[in-house]
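Enquirer: Sharing a sequence plus its predicted fold:
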Amino acid sequence: MRKTSARTPKAAAGERVLILSAGVGSGHNSAAAAVQQACAARGDVAEVQVLDVLQVSSVLYRALLNKGYFVLVEGLPWLIDWGYDISDLPFRRRGPIDPWTRMNSVPVIDAIKRFRPTAIVCTHFLPAQLLASLLLRGVTNARTAVVTTDYDFQGLSLTGAFHALFLAREEGRVELMALGLPSDRVAAPGIPIAPQLKAPAGRNATEPPMLLISAGASGGDYAVSVVRQTLHMRSPFTATVVCGRNDELRQRIEQLVAPAGERYRVLGFTTEMPQLLRRADLFVGKPGGLSVSECMAAGLPMVLVNPIPGQEVRNGDYLMEQGAAVRCNTAATIGWESTRYCASRAACSGCRTRRKGPAGLTLRRTCCPGCWMGRPVRWS
């Protein structure tokens, strides 16, 4: 069970904050950890706890929502795109949650009753929809906030009841206010990331550029194709490939790059990402909301590959609008695009300075419970 807790001696009678996430990929849990860190640093928070709602659900439910999603991403991306579009309508999920989800939500409801939170933060639409139902039924009176983790606001996150919405950018706030939401309930502080991410003071000009290649949550053949294309790059470089918890992918890439010697470093799951982002000159990977926010906080330019239809495609659109990234629509051009950015140290240095985007933000005071005022917003 991914369930963590932090107590602070500062405020024995302070806020009790419960952060609910869902481990579909790693971004939602990373956002939850960042919010937990920010809350734990506040003097008015007595205890903060993080709960991954999928980890306390049934094995079948967890497999269908997590592994099933990535199976569809790989095999039927058009279906993911269609599903994103039809679920993007505001307030589409205002009614009661379906019976199967309600059954798998029992452990989460029990955890809420045991912890007795005064404030609840949701970093995924699944617990946000559950909390809306609990608020409307009077099961909890905790102040509830929804934190989005992508740059384009999706209607699934707009539930039937909430106290506050925290968005990635101002355009989403304007959209929701146009729908009639009160301006004091919607803020755009950015996507929550670890505060230690920042651009380095400088790099040794004699070192070759470093590529940071992320396989993404799904990994697979496309990630292997990306690494294979970098083998054809003629300019000097080093590369670190992060494969997450996909051991099979890590082994395939290790075998692929073995002839290149020490040029490549292949990692599985790692806690070194903040350090890697600060050292790298170019990120190559999928435009997940947390990944690209961390890159922009570190001032790291990006080459985007194989975005998931829906939220990652829209993330990529925003990054290209801001001049923070370029997108390769085929793996065959990865090596060429990477060479274009890393051919000279001066070019990389210019990118790092020029492309530090507007999204290097952290949720600190804005997302903490003392800022949520009044009764919840309710929609019928």
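Expert: Alright, I've got the coordinates.

Enquirer: show me where pLDDT drops low in the stretch 151-300 of the chain?
Expert: Counting by pLDDT under 70, the stretch 151-300 of the chain contains low-confidence ranges at 196-205, 216-219.

Enquirer: in it, which spans are strands?
Expert: Here the stretch 151-300 of the chain has its strands, by DSSP state E, counting those that start in this stretch, at 161-162, 164-166, 186-187, 210-214, 238-242, 264-267, 282-285.

Enquirer: Rebuild those strands as a markdown table, extending it with distance to Leu130 and mean neighbour count.
Expert: (C-beta placed from N, C-alpha, C; glycine too.) Listed next are the strands of the stretch 151-300 of the chain as a markdown table, based on distance: least, CB to CB, whole Å; neighbours: other CB atoms under 10 Å:
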| stretch | distance to Leu130 | mean neighbour count |
| --- | --- | --- |
| strand 161-162 | 11 | 23 |
| strand 164-166 | 16 | 23 |
| strand 186-187 | 21 | 20 |
| strand 210-214 | 30 | 23 |
| strand 238-242 | 32 | 21 |
| strand 264-267 | 35 | 18 |
| strand 282-285 | 31 | 24 |
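
Enquirer: and these as a markdown table, adding distance to His124?
Expert: Listed next are these as a markdown table, based on distance: least, CB to CB, whole Å:
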| stretch | distance to His124 |
| --- | --- |
| strand 161-162 | 14 |
| strand 164-166 | 13 |
| strand 186-187 | 18 |
| strand 210-214 | 21 |
| strand 238-242 | 22 |
| strand 264-267 | 26 |
| strand 282-285 | 21 |
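
Enquirer: and the helix or strand hosting Val50, what other elements does it pack with?
Expert: For Val50, the element it lies in under DSSP states H and E is strand 45-52. In this structure, strand 45-52 packs against strand 3-7, strand 15-21, helix 27-40, helix 106-115, with contacts taken as 3 or more CB pairs under 8 Å, 6 or more residues apart in numbering; DSSP states H and E.

Enquirer: Mean neighbour count, these: which tops it?
Expert: The highest mean neighbour count among the helices and strands packed on strand 45-52, using mean count of other CB atoms under 10 Å, belongs to strand 15-21: a mean of 25.

Enquirer: quick one: strands adjacent to it?
Expert: strand 45-52 (parallel), strand 119-122 (parallel) (DSSP bridges).

Enquirer: With respect to burial, which of these scores highest?
Expert: Comparing the strands paired with strand 15-21 by mean neighbour count (mean count of other CB under 10 Å), strand 119-122 comes out on top with a mean of 28.

Enquirer: So for the helix or strand following it, what gets flagged as buried?
Expert: Counting by DSSP H and E, the element after strand 119-122 in chain order, helix or strand, is helix 125-137. Within helix 125-137, the residues that count as buried by 16 or more other CB atoms under 10 Å are 125-136.

Enquirer: Just list what the helix or strand just after helix 125-137 packs against, helices and strands only.
Expert: Using DSSP H and E, the helix or strand that follows helix 125-137 towards the C-terminus is strand 143-147. On a contact count with 3+ CB pairs under 8 Å, 6+ apart, strand 143-147 meets strand 119-122, helix 125-137, strand 161-162, strand 164-166.

Enquirer: just how off-centre is strand 143-147 within its chain?
Expert: How far strand 143-147 lies from its chain's middle: 17 Å, per CA atoms, centre = their mean, to the nearest Å.

Enquirer: May I have the strands that pair with that strand, each with its orientation?
Expert: Each strand that pairs with strand 143-147, with its direction, by DSSP bridges: strand 119-122 (parallel), strand 164-166 (parallel).

Enquirer: Can you name every helix or strand that the following helix or strand past the strand holding Val50 contacts?
Expert: Moving toward the C-terminus from strand 45-52, the next helix or strand (DSSP H and E) is helix 59-65. When contacts are defined as 3+ CB pairs under 8 Å, 6+ apart, helix 59-65 sits against helix 99-104.

Enquirer: quick one: Gly335 and Ala239, what's the gap?
Expert: 11 Å (CB to CB, to the nearest Å).

Enquirer: Can you work out which residues contact both of the two?
Expert: Common neighbours of Gly335 and Ala239, counting by CB atoms under 8 Å, 6 or more residues apart in numbering, are Thr230.

Enquirer: just to revisit the earlier point, if you average pLDDT over the strand holding Val50, what comes out?
Expert: Averaging pLDDT along strand 45-52 yields 93.

Enquirer: now it, how far from the chain's geometric center?
Expert: Offset of strand 45-52 from its chain centre (CA atoms, centre = their mean): 19 Å.

Enquirer: what angle do it and helix 27-40 make?
Expert: Counting by axes from the mean of the first three to the mean of the last three CA atoms, to 10 degrees, strand 45-52 points 170 degrees away from the direction of helix 27-40.

Enquirer: Between helix 125-137 and strand 45-52, find me the angle.
Expert: In terms of direction (the same axes, to 10 degrees), strand 45-52 departs from helix 125-137 by 120 degrees.

Enquirer: how about the helices and strands packed on strand 143-147 in JSON lines, adding distance to Gly180?
Expert: Shown next, in JSON lines, are the helices and strands packed on strand 143-147 (distance: least, CB to CB, whole Å):
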{"stretch": "strand 119-122", "distance to Gly180": "21"}
{"stretch": "helix 125-137", "distance to Gly180": "17"}
{"stretch": "strand 161-162", "distance to Gly180": "14"}
{"stretch": "strand 164-166", "distance to Gly180": "13"}
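
Enquirer: closest one to Gln251 among those?
Expert: Nearest to Gln251, of all these, is helix 125-137, at 32.3 Å by CB to CB.

Enquirer: Now Asp85. Its backbone dihedrals?
Expert: Asp85 adopts backbone torsions of phi -70, psi -40, taken as degrees, to the nearest 10.
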